[in-house]
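1. the sequence and its predicted three-dimensional model are supplied below.
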Amino acid sequence: MVEYEIHRLRAAELRHLAAHQRLVGEALRARRAARRSAGAEAPGPRADTHGPRRNRFTRAA
């Protein structure tokens with residue numbers, strides 16, 4: 001009987017964790033969509049782009 005109660009508690013915990021992860025994913029998707037829509041309306045370059053990205057290692061001869 002104790003194993004059954006442990007199983008029920010673990011299943012409830014997993015359901016709660018899955019619901020939380022779905023909520024976090026939904027919030028991230030909403031933030032990305034808001035950034036995309038704001039980025040389309042904002043003129044000028046983005047603050048995090050500083051021209052072409054350079055390789056951080058030197059080239060081998």
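-> Nice, I can see it. Residues are numbered from 1 along each chain as shown.

2. need the pLDDT of D48.
-> At D48 the predicted local confidence, pLDDT, stands at 60.

3. please apply the same query to R15.
-> 98.

4. number of nearby residues for it?
-> Neighbourhood size, R15 [other C-beta atoms under 10 Å]: 10. Quick note: C-beta positions are derived from backbone N, CA and C, even for glycine.

5. next one: it from R8, what distance?
-> For R15, the distance to R8 (C-beta to C-beta, to the nearest Å) stands at 11 Å.

6. just R32 next, same as before
-> 37 Å.

7. Three-state assignment for A60, please.
-> Here A60 is recorded as coil under DSSP: H, G, I helix; E, B strand; the rest coil.

8. ramachandran coordinates for it?
-> Per-residue torsions, A60: phi -80, psi 140 (degrees, to the nearest 10).

9. do R54 as well
-> Per-residue torsions, R54: phi -100, psi 150 (degrees, to the nearest 10).

10. who touches it in this structure?
-> With contacts taken as C-beta atoms under 8 Å, 6 or more residues apart in numbering, R54 has no neighbouring residues.

11. centre of the chain to the host helix or strand of A12, how far?
-> For A12, the host element (DSSP states H and E) is helix 2-41. When distances are taken as C-alpha atoms, centre = their mean, to the nearest Å, helix 2-41 is centred 11 Å away from the chain's centroid.

12. before we move on, what about stretch 1-14?
-> For stretch 1-14 - counting by C-alpha atoms, centre = their mean - the centre lies 30 Å from the chain centre.

13. list the buried ones in it?
-> Using 16 or more other C-beta atoms under 10 Å as the test for burial, stretch 1-14 gives no buried residues.

14. what's next to it, contact-wise?
-> Residues contacting stretch 1-14 (C-beta under 8 Å, 6+ apart): none.

15. poorly predicted segments of the chain, please.
-> For the chain, the stretches flagged by pLDDT under 70 are 40-52.

16. tell me, how many residues neighbour R56?
-> Neighbour count of R56, defined by other C-beta under 10 Å: 5.
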